[in-house]
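**Q** Mind looking at a prediction? Sequence and model below.
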Amino acid sequence: MTETVDVVLIGGGIMSATLGTLLSELQPDWKIVVYERLHDVALESSNAWNNAGTGHAALCELNYMPQGSDGTVDPAKAIAINEQFQQSRQFWASLVERGVLDAPNTFINSTPHMTFVRGEKDVEYLRKRYEVLKQEPLFAGIQYSEDSRVINQWAPLLMQKRRAGEPFAATRVPAGTDVDFGALTRQLFDGLRERGADIVTNREVRRIKKQADGTWLLKWRNSVGRTPGEVKARFVFVGAGGWALKLLQRSGIPEISGYGVFPIGGQFLKTSDPSLVAQHQAKVYSQASVGAPPMSVPHLDTRVVDGEASLLFGPFATFSPKFLKNGSMLDIVTQVRPGNLWPMLKVAWDNPSLITYLVGELLKNHAKKVDSLRTFVPTAKDADWELIQAGQRAQVMKKDPKKGGILQFGTEVVTAADGSIAGLLGASPGASTAVSIMLGLLKTCFPDNIAQWEPTLKELIPSYGETLNPKPERAEETLSETAEALALTA
């Protein structure tokens, strides 16, 4: 007889780990099973070297606060993302206090977030952005300078042999963070396992079908030995990166009609040279190239992975038809359905600058990529930096009533009408805002349970149900408490 469980989570990344942890705290009597097709969890997008590790709080990312056609800058999206990241920080802090997560420095470290721009136009924009953000409580402590001596103190590598007379400016927020999402994901799954969840690796879900009794029948195959099997689940979450689209399509839910994904890979230049690492302790973002997707905004980052510090610069876009690093070369073709063909064709037609950008990126060799680095680090030497391959990101393409189809950046949860199955599509700032995304999923998929869960959610996330930015004293108190609990220093 086929076993029936309460929850099946497909994919061993940060999203499944976050949702599973929340459900195990809220409903400890539920049976939770996790299926990961690779030999371990956190090997795809959540792996530390497959992402930039930025704790996305909109402190330095300019694409979250673009300048309007009238020259104004609206902080609304930046504030919303910061609010979401604060929920993640509070959740992690609670799990540290409960012993679910290890010492904070095993997955999160203080790293100032900076923005650095050149040219009069971008300097003027950054100045406007600073004047707006310094008034917002969640951005308290933001600093601005056009003085080379000050910027040199913040990030010496940026200013060495910088051309005289060149307009430049920078902002700095000391309270930024670097997050090892791979370590965090593994620790969350370890905690789930200790509380009775089954974490099964080398198991690929092949089919998902709704049953007459409302459950979902999942047919799977072991990667080793190809042994087949099946399980029934009352609720299914598909957190399988780019493959989420394929599995949701196989489920047959009408809500996935019209969706497609466009895969974009990335490379970073990396150095572990102690003399260079010692001169740069920050995550420094700048403006994106024309036509570049927001996930390709250039940045020079301090990284701390497994206790070792290094620097990354990039990303440089790559292209593969695979939806995952360990995906299939046929992914981009097999996603096509009658409902999403037109939206995808419209996206291709309406985004020629993206195609031009990708072609230009693909033509860059190692030397050309170090040339790009020199806009940040004028003294960079080719021999000091190596190229590493980052993860695959599947950008959402979907129907649009006006344009026919749009390319959407960010993340989106697609949920069946009855809430019995949901999946996550998209990319940045996903991992940093995983807690907020999963809280939204809980409300949508478990409307009959959410009221009884709210007291526990309030314990785990003190600001649950409220926004911090309109309350300066509350914002300051919450940021201070979570920083202390996570051993973060400004």
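**A** Looks like it came in fine. Residues are numbered from 1 along each chain as shown.
**Q** Could you check how many residues crowd around the nearest residue to residue 467 once chain neighbours are set aside?
**A** Of all residues beyond its chain neighbours, the one nearest residue 467 is residue 83 (5.6 Å), with distances taken as Cβ to Cβ, 6 or more residues apart in numbering. Any C-beta I mention is one placed from the backbone N, CA and C, and that applies to glycine too. Neighbours of residue 83 under the rule other Cβ atoms under 10 Å: 20.
**Q** How about the contacts made by residue 83?
**A** For residue 83, the contacting residues are 138, 436, 467-469, by Cβ atoms under 8 Å, 6 or more residues apart in numbering.
**Q** Tabulate those (CSV), appending secondary structure, neighbour count and pLDDT.
**A** Below are the contacts of residue 83 laid out as CSV (DSSP: H, G, I helix; E, B strand; the rest coil; neighbours: other Cβ atoms under 10 Å; pLDDT from 0 to 100):
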residue, secondary structure, neighbour count, pLDDT
138, helix, 27, 97
436, helix, 21, 96
467, coil, 14, 96
468, coil, 23, 97
469, coil, 17, 97
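**Q** Doesn't the residue nearest to residue 467 belong to a helix?
**A** Yes: assessed by DSSP: H, G, I helix; E, B strand; the rest coil, residue 83 belongs to a helix.
**Q** how close does it sit to residue 93?
**A** Distance of residue 83 to residue 93, given as Cβ to Cβ, to the nearest Å: 16 Å.
**Q** didn't residue 372 look like it was pressed against residue 365?
**A** No: with contact defined as Cβ atoms under 8 Å, residue 372 and residue 365 do not form a contacting pair (11.3 Å).
**Q** Looking at the two, which is more packed in?
**A** Between residue 372 and residue 365, counting by other Cβ under 10 Å, residue 372 is the more crowded of the two (17 against 9).
**Q** Which neighbouring residues are in contact with that one, exactly?
**A** So residue 372 contacts 298, 313, 316, 364 (Cβ under 8 Å, 6+ apart).
**Q** Angles on the backbone of it, please.
**A** With angles defined as degrees, to the nearest 10, residue 372 sits at phi -60, psi -40.
**Q** Distance of it relative to residue 288?
**A** 12 Å.
**Q** list residues touching both of those two?
**A** Joint contacts of residue 372 and residue 288 (Cβ under 8 Å, 6+ apart) are residue 298.
**Q** Could you pull up the contacting residues of residue 123?
**A** 117, 146, 167-169.
**Q** same check, this time on residue 106
**A** Going by Cβ under 8 Å, 6+ apart, residue 106 touches 180, 183, 187.
**Q** now do 10 Å
**A** By Cβ atoms under 10 Å, 6 or more residues apart in numbering, the residues touching residue 106 are 96, 180, 183-184, 186-187, 304, 306-307.
**Q** nearest to residue 209, of the residues you listed?
**A** Taking Cβ to Cβ as the measure, residue 209 lies nearest residue 186 of these, at 31.4 Å.
**Q** What is the burial count for that closest one?
**A** 21.
**Q** Leaving out the residues flanking it, which one is nearest to it?
**A** residue 42 is the one closest to residue 186 (Cβ to Cβ, 6+ apart), at 5.4 Å.
**Q** ok but that neighbour is inside a helix, no?
**A** No: looking at residue 42 with three-state DSSP, it is coil, so not inside a helix.
**Q** hang on, it packs against residue 36?
**A** Yes: here residue 42 reaches residue 36: they are 9.0 Å apart, a contact under Cβ atoms under 10 Å.
**Q** between the two, what contacts are shared?
**A** 12-13, 189.
**Q** want to try TSV for those, with secondary structure and distance to residue 455 as columns?
**A** Compiled in TSV, the shared contacts of residue 42 and residue 36 are given as follows (DSSP: H, G, I helix; E, B strand; the rest coil; distance: Cβ to Cβ, whole Å):
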residue	secondary structure	distance to residue 455
12	coil	30
13	coil	29
189	helix	26
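**Q** Selection in ChimeraX covering whichever of the residues you listed are buried, please.
**A** The ChimeraX command for the buried members of the shared contacts of residue 42 and residue 36 (criterion: 16 or more other Cβ atoms under 10 Å) is given here:
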select :12,13,189
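**Q** what sits against the nearest residue to residue 258 once chain neighbours are set aside?
**A** Leaving aside its chain neighbours, residue 258 sits nearest to residue 399 (3.8 Å; criterion: Cβ to Cβ, 6+ apart). By Cβ under 10 Å, 6+ apart, residue 399 lies in contact with 257-260, 339-340, 342-343, 346, 405-406.
**Q** Among the contacts of residue 106, name the ones in strands.
**A** residue 304 (DSSP state E).
**Q** Turn the buried ones among the contacts of residue 106 into a named PyMOL selection, would you?
**A** Burial among these is assessed by 16+ other Cβ under 10 Å; the matching PyMOL selection reads:
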select buried, resi 96+180+183+184+186+187+304
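**Q** which ones among the contacts of residue 106 are found in helices?
**A** 96, 183-184, 186-187 (DSSP state H).
**Q** from the chain's centre, how far out does the helix or strand of the chain with the lowest mean pLDDT sit?
**A** Least confident element among the helices and strands of the chain, by mean pLDDT, DSSP states H and E: helix 352-362 (a mean of 81). Computed by Cα atoms, centre = their mean, to the nearest Å, the separation of helix 352-362 from the middle of its chain amounts to 23 Å.
**Q** same deal with stretch 37-46?
**A** Average the C-alpha atoms of stretch 37-46, do the same for its chain, and the two points are 15 Å apart (Cα atoms, centre = their mean).
**Q** which of the contacts of residue 372 tops the neighbour count?
**A** Using other Cβ under 10 Å as the neighbour criterion, residue 313 leads the contacts of residue 372 with 23 neighbours.
**Q** Brilliant, that's me finished.
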